[in-house]
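Student: the following comprises the amino acid sequence and a computationally predicted model.
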Amino acid sequence: MVTIKPNEAPSSAPEIKKKVRQVEEPFAPEQTSGLSSYPPPDQWDDWVEYEPRAWPEKREHHYMLVPTTCFNCESACGLMAYVDKETLQVRKLEGNPFHPGSRGRNCAKGPATLTQINDPDRILYPLKRVGPRGSGEWERVSWDDALDAIAGKIRSALQDGRNSEVMYHVGRPGEDGYMERVLQSWGVDGHNSHTNICSSGGRTGYAFWMGIDRPSPDYANARFILLISAHLESGHYFNPHAQRIIEAKMKGAKIAVVDPRLSNTASMANYWLPTAPGTETALLLAIANILIQEETFNREFVRRWTNWDEYLRVMHPEVDVTFDNFVVALKEEYAQYTPEMVEAECGVPSASVIEIAREVAAAGTALATHTWRAASAGHLGGWTVPRALFFLNVLTGSVGTTGGVAPNVWDKFVPRPFMEPTKQKVWNEISWPKEYPLAHHEMSMLLPHLLKQGRGKLAMYFTRVYNPVWTNPDGFMWMDALKDESLFEMHAALTPTWSESSWLADYVLPMGVGAERHDTHSYETHAAKWIALRQPVVRVAMERLGKPVDYTYEANPGEVWEEDEFWIELSWRIDLDGSMGIRKYYESPYRPGEKITMDEYYGWIFENSVPGLPEAAAEEGLTALGYMRKYGAFEIEKQAMRQFDDAVPAEELERASVDPLSQVIMSPAPKAHSPEITPLPGNPPSAAGRAVGVLVDDQPLRGFPTPSGKLEFFSSTLYDWGWPEHAIPNYIQSHVAPSVIDREAGEMTLLPNYRIPTLIHTRSGNAKWLNEISHSNPLWLHPSDAERIGVKIGDLARVETEIGYFVDRVWITEGMRPGVVACSHHLGRWRLDEHGGKGGWSSATVEIAETESGVFRMRQVNGVRAFTSNDPDSKKIWWSDAGVHQNLTFPVQPDPISGAHAWHQRVRVVKASARDEYADIVVDTNRSMIAFERWMKMTRPAPGPGNLRRPLWLLRPYKPDPSAFQIDGPTGR
Ligand code: SF4
């Protein structure tokens, strides 16, 4: 038995092996905060366990243990697959102790990957639509036919210069860099994501501060942890973060949770602050105000590392540019955010605000904060929540410190592949319309609305790990648009399972689940940088057993491919003879002119792009790829703190110049620089060169990749691009602010976007274990509201939105703020055909009727029912609830600055009538378009300074060539 002391999770395979040899005392449960027990690596090729059902007979199973990475949320925890050497079946998945982020632990969704592998409803062969789109008539086709048809469609679009008619719409990418290479090799600006219905509000707030859009809290070493929403049970990087939050709590850290709902996270906190939805920013600014007025903020950090001087020059030209004058102005700016104002606006007692502000000040540089979706994705101006939250880190100097919050890129590593394509020279105006020059990601949820406005069409549309009909708001608009072959000429759904959207595809192409594909990834789970390999475990087991495999589909069930090999094959078929300049990116770096293999692609990366990995591998007598195939993950380095304080190396200062006003140091030697990948040093290149740092007290330091090189208290970007009123952190009254909600008229705020820890959007619909645990999303309601409405637990209530209504059962709890209702967005799966387009563990069968022009009604015919399959468990399904698909009844509500969809709804909740049935949905899509146009009117379109579509320095996924940023640049249409 192996025991490692608490908080000493080994970081590399040799280190673990060393510890394994040293520690021999028996495993003790109290010592599990580091590593617990696991099969030693030298037995992974033949690990023996006994068949439990054969007991007392000792019947042996011989396993090959192969690490891979979970794909059931964005955390990318390590998994260890137990592959039966005799049958080549995966028998179970447990944690991978060598993964630095998850350290051998998983949530329920990790091991449940097994049920997705063995799901009897999964799609095993390529299918082509034969009837009208959406009719559910399919025929099995060969991969050759499907690939040729899709390649031909793309080839003609590219040859006609219609580059913006090729779109790849992904939900959870689960990879770093691969698809950017693919789309850029095709020369298209065709990436579309789910991010504007998810994290872009959160990202925007951070990006305006530091030029980097994600925080990396060092929870484990924090003294005070301030969380907006439920990060302990379902946050971003859920399991890796949760274990470190609890570590900090065990060491004495206090936790405060801001959430109108008493989540499991709030129940573990020292402070639960159930603010009125949409007012979180006011609370955070009140905390900031106390630090400012009481002068308990970190004066020296703010002086050195914020652009206070720029703020004074622009906003207060009447005063001398001195830090003392800035403090005076700061006190004036935030004096309005008093504890009393917050008590009135947010509903949090003023005494609590003061108490927490004192805790924040006392935590100093060990203040860990986090917000991601939740409030940031909830309301108009949601992006101001992270901006106000990170303001507290700036004020306390807890930026890049032990126990503080670092820019995520310090803890994330994206390796560069060989021979990178040049950036695309086109701008896709359907994903990036002029109205949203500062939108953090593609305006993906507006796709059907924009197409219906006549802004273009798509020749080829891919959906992958994405179910837009179900996941987006306004799903009836999606259904309508996806059926229209003049808007979507060809739709290929790359998916392991059926979904509401794949039903509307022309090709349904079966792809592997998490344990059946290759990816690299790296996330900011803690204060260290690591990389992990997701790999097809049966393929790797076969290769270890001496059974060569050329393509992953040879090891996968049926004719299930992995995406990486799909894109290689497709690219070869688009560029038939190499004359389009595409094929060369899919040729082996070792065998010129021949098709690249997975071993070559990943082998090259691990050998050439991951610092320290080849050396660590050599110590083990392995190649870099061999090391990653064996251990699944590698820690590159522990986080170096305060990297912005690093001196700029002398060679970079040669011939450099300093901007006299901003003190930004410019190097005259432009060099490829991608802020997404390596944001330091400084700003992206421009005609003047590239920023390599900033002078601080006459010292040349690295700084931040912002226009000022510092943390931007004052955003010249917001100021210059038409939003001067939001140039500094402030509070925006949202569409669900208390002053907007007419409670006398029965109005309430609906929180429709909280996660259930055991589910993950539509991706877990094919996981029987998870659906057995969670299959309902009732409406949370405070007892006072239940009494007013006249409902008891289990009664039906009708929730009326701007465009329709849904009917749900009521759950009455004091863990809900009065005046607010909540419903999880992880349930409500449906299908139109009892026997086709299955998802038997999770979906109800429904009927959809168009009752008037543009008015749709969905009604359940059957709930979840037992079914016959090769899995005997399918006959034992005991639950019938599939939940309610509330998203269908929400209009699109894009924030005019961040572009993020504002999920919170202003609703009326009434007792259901006798005509209402559980899970009824009614939507008027005529009203959908009216709501869409109203929100569009809030925008302030491009061009901005320099006739640009978007500021060059701002992050953008799959960033095009600077020439495409010009408003009159090429659009590929
Ligand atoms: S938190 Fe759970 S679902 Fe997410 S990667 Fe880890 S084990 Fe998988």
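Tutor: Received it, and whenever you're ready, just let me know what you need. Residues are numbered from 1 along each chain as shown.

Student: A helix includes residue 265, no?
Tutor: Yes - under DSSP: H, G, I helix; E, B strand; the rest coil, residue 265 falls within a helix.

Student: ok, how many other residues are close to the spatially closest residue to residue 39 that is not a sequence neighbour?
Tutor: Distances taken as C-beta to C-beta, 6 or more residues apart in numbering place residue 47 nearest to residue 39, at 4.9 Å, with adjacent residues excluded. Any C-beta I mention is one placed from the backbone N, CA and C, and that applies to glycine too. Residue 47 has 17 neighbouring residues, counting by other C-beta atoms under 10 Å.

Student: tell me how far residue 47 lies from the ligand.
Tutor: 21 Å (C-beta to the nearest ligand atom, to the nearest Å).

Student: the residue in the stretch 801-950 of the chain positioned nearest to the ligand: what's it in contact with?
Tutor: Residue of the stretch 801-950 of the chain nearest the ligand, by C-beta to the nearest ligand atom: residue 826 (12.5 Å). By C-beta atoms under 8 Å, 6 or more residues apart in numbering, residue 826 lies in contact with 755, 756, 759, 760, 761, 764, 774, 777, 883.

Student: what's near enough to touch the nearest residue to residue 260 once chain neighbours are set aside?
Tutor: Sequence neighbours aside, residue 817 is the residue nearest to residue 260 in space, at 4.1 Å (criterion: C-beta to C-beta, 6+ apart). Residue 817 makes contact with 260, 261, 274, 275, 276, 347, 782 under the criterion C-beta under 8 Å, 6+ apart.

Student: farthest-separated two in the residues you listed?
Tutor: 275 and 782 (14.6 Å; C-beta to C-beta).

Student: so those two - more neighbours on which side?
Tutor: Between residue 275 and residue 782, counted using other C-beta under 10 Å, the more crowded position is residue 275 (23 against 20).

Student: contact partners for that one?
Tutor: 258, 259, 260, 283, 346, 347, 348, 817.

Student: most neighbours, which of those?
Tutor: That'd be residue 260 among these, by other C-beta under 10 Å, with 33 neighbours.

Student: residue contacts, that residue?
Tutor: 274, 275, 276, 277, 749, 751, 816, 817, 820, 822.

Student: and residue 793, by the same measure?
Tutor: Per C-beta under 8 Å, 6+ apart, neighbours of residue 793: 810, 811, 812.

Student: where does pLDDT dip in the stretch 251-400 of the chain?
Tutor: Residue ranges of the stretch 251-400 of the chain with pLDDT under 70: none are present.

Student: all helices for the stretch 701-850 of the chain, in order.
Tutor: Ranges of helices in the stretch 701-850 of the chain, per DSSP state H, counting those that start in this stretch, are 716-720, 768-773, 783-789.

Student: returning to what we had before: nearest to residue 504, out of the contacts of residue 260: which one, please.
Tutor: residue 751 (29.1 Å).

Student: the closest one bridge partners, please.
Tutor: Taking DSSP bridges, one finds residue 822 as the beta-bridge partners of residue 751.

Student: that one and the ligand, how far apart?
Tutor: Counting by C-beta to the nearest ligand atom - residue 751 and the ligand are separated by 22 Å.

Student: likewise residue 92?
Tutor: Counting by C-beta to the nearest ligand atom, the gap from residue 92 to the ligand is 14 Å.

Student: over to residue 439?
Tutor: 27 Å.

Student: that residue against residue 200, yeah?
Tutor: Yes - contact between residue 439 and residue 200 holds when scored by C-beta atoms under 8 Å: they sit 7.2 Å apart.

Student: quick check: neighbours shared by those two?
Tutor: 898, 899.

Student: residue of the stretch 551-700 of the chain closest to the ligand, please.
Tutor: Counting by C-beta to the nearest ligand atom, the stretch 551-700 of the chain gets nearest to the ligand through residue 633 (12.5 Å).

Student: state the distance from that residue to residue 520.
Tutor: Residue 633 sits at a distance of 10 Å from residue 520 (criterion: C-beta to C-beta, to the nearest Å).

Student: which residues sit in contact with residue 395?
Tutor: Contacts of residue 395 by C-beta under 8 Å, 6+ apart are 288, 291, 292, 297, 298, 302.

Student: can you pull the phi/psi pair for it?
Tutor: phi -70, psi -30 (degrees, to the nearest 10).

Student: then the one 4 residues further on?
Tutor: Dihedral pair for residue 399: phi -110, psi 120, per degrees, to the nearest 10.

Student: who's in contact with it?
Tutor: 210, 301, 305, 393, 405, 406, 642, 644, 711.

Student: would CSV of those residues with secondary structure be doable?
Tutor: As requested, the contacts of residue 399 are exported to CSV (three-state DSSP):
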residue, secondary structure
210, helix
301, helix
305, helix
393, helix
405, strand
406, strand
642, coil
644, helix
711, strand
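
Student: among these, which ones lie close to the ligand?
Tutor: Among those, no residue is within reach of the ligand (C-beta under 6 Å from any ligand atom).

Student: next, format these as TSV and append neighbour count.
Tutor: Listed next are these as TSV, based on neighbours: other C-beta atoms under 10 Å:
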residue	neighbour count
210	29
301	21
305	26
393	28
405	28
406	28
642	20
644	25
711	25
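
Student: please enumerate the helices of the stretch 151-300 of the chain.
Tutor: With DSSP H, counting those that start in this stretch as the criterion, the stretch 151-300 of the chain has helices spanning 178-186, 200-210, 231-234, 238-250, 264-267, 280-293, 299-305.

Student: and those, which is most packed in?
Tutor: helix 200-210 (a mean of 29; mean count of other C-beta atoms under 10 Å).

Student: returning to that earlier point: which one among the contacts of residue 260 gets closest to residue 111?
Tutor: Distances from residue 111 to the contacts of residue 260, taken by C-beta to C-beta, are shortest for residue 822, at 28.3 Å.

Student: my guess is the closest one contacts residue 779, does it?
Tutor: Yes - using C-beta under 8 Å, residue 822 makes contact with residue 779 at a distance of 7.4 Å.

Student: comparing the two, which shows the higher neighbour count?
Tutor: residue 779 (28 against 25).

Student: wait, isn't the more buried one in contact with residue 806?
Tutor: No - at 9.2 Å, residue 779 does not count as touching residue 806 under the criterion of C-beta under 8 Å.

Student: up against the ligand, what does the protein have?
Tutor: Checking the chain against the ligand by C-beta under 6 Å from any ligand atom, the hits are 70, 72-73, 75-77, 102, 106-107, 109-110, 238-239.

Student: so which of the residues you listed sit within strands?
Tutor: Residues of those located in strands (DSSP state E): none.

Student: write the PyMOL selection for whichever of these are buried.
Tutor: Selection of the buried residues among those in PyMOL, burial being defined by 16 or more other C-beta atoms under 10 Å:
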select buried, resi 70+72+73+75+76+77+102+106+107+109+110+238+239
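
Student: from residue 537, how far off is the residue of the stretch 201-350 of the chain found nearest the ligand?
Tutor: Closest approach between the stretch 201-350 of the chain and the ligand, counting by C-beta to the nearest ligand atom: residue 239, at 3.5 Å. According to C-beta to C-beta, residue 239 and residue 537 sit 20 Å apart.
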